[in-house]
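Trainee: Only the shape, not the letters, is given here:
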Ligand SMILES: Nc1ncnc2c1ncn2[C@@H]1O[C@H](COP(=O)(O)OP(=O)(O)OP(=O)(O)O)[C@@H](O)[C@H]1O
Ligand SMILES: [Mg+2]
């Protein structure tokens, strides 16, 4: 079957009843999902519109869509659902909004919006305290608890406090006709589990379900899967317990074993051949992960050549480390003709990208940083989105509050507080209260005028919102809202203004693109809702560029050359995991990193770090000692090879300089 091995073929062919593919990195689990979708459609067992595949990120969804499109000819793939749990939850809620107690066009609060609501509900609380409460509330939601259940289950005083806050926070969300990210899973679960008709309807809609990276589902997502699959359980889940790296976000790899308990007829398929990594890389990965406890040890072998030994670099500090990485990339590109996109540099924490960026820029190496300063977090983008949200949903008070103050107009905090009071008395959302002449009369004339001006603009745009193409709406609203001219006034230089206006153009482009790819030609307001689910990394595609990303972000990907920097005790494993006994998860993280490499791998660590103005010593990661020495080549271990390499590198360097002079 299309170059699949026998085990993969079994997993693909098994279309009735539940299937779990449990296998190590690079063994072709994602490939099984892609082939299986193609097979289900081609065989006519399920039309594309009755198949849903769940991926861990939007980016992975996009990639899978492209891979499937290559396997299925023509329009047979139309209507296929490939998305994240959150996006599927959103889709479900958009259809079932009435059952979920929401009105059409409800808003999605991102983590920032949620935090600001909680802050508001905790007057005087320090940011740390707000954050702590936010994560407790989120944990309760991810465990699938309603406010009432959270209250009943609370044991400690803190949990009682969190449960009470959860109830007030939820009341506020529903007053705003809004949901947060966690609700995109929790509410569908509540609906599907509590309403048999609704569940049946969705099982009819989604005849076959496939889930990638199943080890990283949290409890609420697992329940969503179970509720959607129903007792018949027509699904294929694939996962690897050794790659579970999201425990901190509530992921529970136990769900893999739970599947067998919930579905006694579960067919478990194991894959043992790794097609990705060189043999050395794979042997090193296997040796590392063997240090974690395993109920069922996995065997994973590779028919690939041994390949180069794994380079272990000891560097002075992170700047030196970055220079070596950039130098090596430059060398392999120039001397061996590797494409920039063949390289990936991985790190534990996002702050580690800075020295790398500097070093790459110095050598003029094009790079792409995933999950950097989130595009959607930029002020002008958030402003434009608030406007869009308000156009979509007049009851979105959070959007109103942001839009009415961007750009600033003569509507101050006092006016808004007064308006909120009036709105509450009249039981209306803020934007409706601001439109009511009767209510405005109770405000000072200047503020009332300013509000009137604002609502005129909103009304005008709302009239055009359904008529204009999505991208055009973004452009018009940037102009007509005054956002653009405020931005111009605010920017000290033309260059800066260009960059920030560029962000708004990018938003418009994104809308144009997204509207073109959604089947129903989604309106700008639908898009504004789904945009909340996207991250910078998802939206922004890398071209022929070196990729910089966190180990967490690298899940599922593969590259010819992989560098992992900062392999130090305290960095990887991370400081916080040393005393909390979460070493196993850190080890899995390194396992994920190592198994991204197809041909060659570099692990580097620094001797010193600068912190709070003073230097301090760093020790190499304890994980390095867990790798088989025979597969490693440490600095200085092979002076002859080192010298030869240096010479080759110098030659390439001279050639480059000569070429530059000739230009
Ligand atoms: N039967 C096969 N023959 C040849 N190549 C294969 C086969 N199966 C998978 N591959 C290739 O092996 C590589 C790894 O496959 P895939 O990404 O599906 O693995 P995975 O198990 O999902 O990995 P991860 O655990 O990292 O998510 C890909 O390049 C894929 O094309
Ligand atoms: Mg995969």
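Mentor: Sure, I can see it. Computed from a predicted structure; not experimentally measured. Ligands and ions are numbered 1, 2, ... in the order given.

Trainee: Show me the longest strand that occurs in the protein.
Mentor: Ordering each strand of the chain by length in residues (DSSP state E) puts strand 597-606 first.

Trainee: pLDDT weak spots in the stretch 551-663 of the chain?
Mentor: Scanning the stretch 551-663 of the chain for pLDDT under 70 picks out 612, 637-639, 641, 650-663.

Trainee: following the longest strand of the chain, which helix or strand shows up next?
Mentor: Per DSSP states H and E, the first helix or strand lying C-terminal to strand 597-606 is strand 608-611.

Trainee: Point me to the residue of the stretch 201-350 of the chain nearest ligand 2.
Mentor: Of all residues in the stretch 201-350 of the chain, residue 212 sits closest to ligand 2, at 5.9 Å by Cβ to the ion. C-beta: built from backbone N, CA, C; applies to glycine.

Trainee: Number of residues surrounding the closest residue to that residue other than its chain neighbours?
Mentor: Distances taken as Cβ to Cβ, 6 or more residues apart in numbering place residue 55 nearest to residue 212, at 5.1 Å, with adjacent residues excluded. Using other Cβ atoms under 10 Å, residue 55 has 24 neighbouring residues.

Trainee: show me where the stretch 501-650 of the chain has strands.
Mentor: For the stretch 501-650 of the chain, the strands defined by DSSP state E, counting those that start in this stretch occupy 546-550, 559-564, 597-606, 608-611, 614-617, 632-634.

Trainee: Which neighbours in the sheet does the fifth one have, and how are they oriented?
Mentor: The strands beside strand 614-617 in its sheet (DSSP bridges) come out as strand 608-611 (antiparallel).

Trainee: again with the third one
Mentor: Sheet pairing of strand 597-606 (DSSP bridges) gives strand 310-315 (parallel), strand 559-564 (parallel).

Trainee: relative orientation of the last one and strand 546-550 in degrees?
Mentor: It stands for strand 559-564. Between strand 559-564 and strand 546-550, the angle comes out at 50 degrees (axes from the mean of the first three to the mean of the last three Cα atoms, to 10 degrees).

Trainee: is ligand 1 contacted by strand 559-564?
Mentor: No. Using Cβ under 6 Å from any ligand atom, strand 559-564 stays clear of ligand 1, coming no nearer than 10.8 Å.

Trainee: Tell me which residue is most central in the chain.
Mentor: For the chain, the residue nearest the mean C-alpha position is residue 57 (5.1 Å; Cα atoms, centre = their mean).

Trainee: What residues does the closest residue in space to residue 342 that isn't next to it in sequence make contact with?
Mentor: Ranked by Cβ to Cβ, 6+ apart and with sequence neighbours excluded, the top spatial neighbour of residue 342 is residue 560, at 4.1 Å. By Cβ atoms under 8 Å, 6 or more residues apart in numbering, the residues touching residue 560 are 338, 342-343, 597-600.

Trainee: Buried ones in the strand or helix carrying residue 287, by neighbour count?
Mentor: Per DSSP H and E: residue 287 is located in helix 279-289. The neighbour-count check on helix 279-289 (16 or more other Cβ atoms under 10 Å) flags 279-286, 288-289 as buried.

Trainee: Could you list the low-pLDDT ranges of the chain?
Mentor: 1-2, 371-377, 513-541, 612, 637-639, 641, 650-663.

Trainee: Name the residues of it found near ligand 1, please.
Mentor: So the chain meets ligand 1 at 3-5, 8, 25-31, 240, 243, 275-276, 556, 558, 595 (Cβ under 6 Å from any ligand atom).

Trainee: Filter these down to just the ones in helices.
Mentor: Among the residues of the chain next to ligand 1, the ones falling in helices (DSSP state H) are 8, 29-31.
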